[in-house]
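S.K.: here's a sequence, model it:
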Amino acid sequence: MFVGEQARQICALSARNDELVAKLAKLEHLLSGNSGNSFMPPSKDGDPGRRPPPVKPRRHGGGAKRRPGKQPGAPGCLPGLG
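M.R.: I've put the predicted structure just below:
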């Protein structure tokens, strides 16, 4: 091989390498999407190659504790047993 021919081949390979690097960056960006940061539904989060969305911490014990049931003093729904 001549030096000029090698230089042309190196130039062509370098250009192709740049194209592939750009294509890889685009594909990695597309794969990084999940339901937490894109339009995709949560059912698509389990696809191979995708990262799951970050888990949001649950809030515990931040407010007043409430008891279940009706408010005290409110009339009941059953007829009187009298």
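S.K.: CA only for contacts and neighbour counts going forward, please
M.R.: Noted.
S.K.: the helices in the protein, which residues?
M.R.: With helices called from DSSP state H, the chain shows them at 3-31.
S.K.: so where is it shaky, pLDDT-wise?
M.R.: Per-residue confidence for the chain (pLDDT under 70) gives these ranges: 1, 46-50, 52, 59-64, 79-82.
S.K.: which residue would you name as the spatial centre of it?
M.R.: Note on the chain: the residue nearest the mean C-alpha position is residue 34, at 2.7 Å, using CA atoms, centre = their mean.
S.K.: that one reaches residue 51, doesn't it?
M.R.: Yes: judged on CA atoms under 8 Å, residue 34 makes contact with residue 51 at a distance of 7.0 Å.
S.K.: which residues do these two both contact?
M.R.: Common neighbours of residue 34 and residue 51, using CA atoms under 8 Å, 6 or more residues apart in numbering, are residue 45.
S.K.: tell me the phi and psi of the residue nearest to the centre of the chain?
M.R.: The phi and psi values for residue 34, taken as degrees, to the nearest 10, are phi -150, psi -180.
S.K.: distance check, it against residue 53.
M.R.: Separation of residue 34 from residue 53 (CA to CA, to the nearest Å): 6 Å.
S.K.: return the set of buried residues in stretch 65-79.
M.R.: Buried residues in stretch 65-79, defined by neighbour count with 16 or more other CA atoms under 10 Å: none.
S.K.: what are the contacting residues of that stretch?
M.R.: Under the criterion CA under 8 Å, 6+ apart, no external residue is in contact with stretch 65-79.
S.K.: what's the answer for stretch 4-14, then?
M.R.: In this structure, no residues lie in contact with stretch 4-14 by CA under 8 Å, 6+ apart.
S.K.: and stretch 39-58, by the same measure?
M.R.: Contacts for stretch 39-58 (CA under 8 Å, 6+ apart): 31-37.
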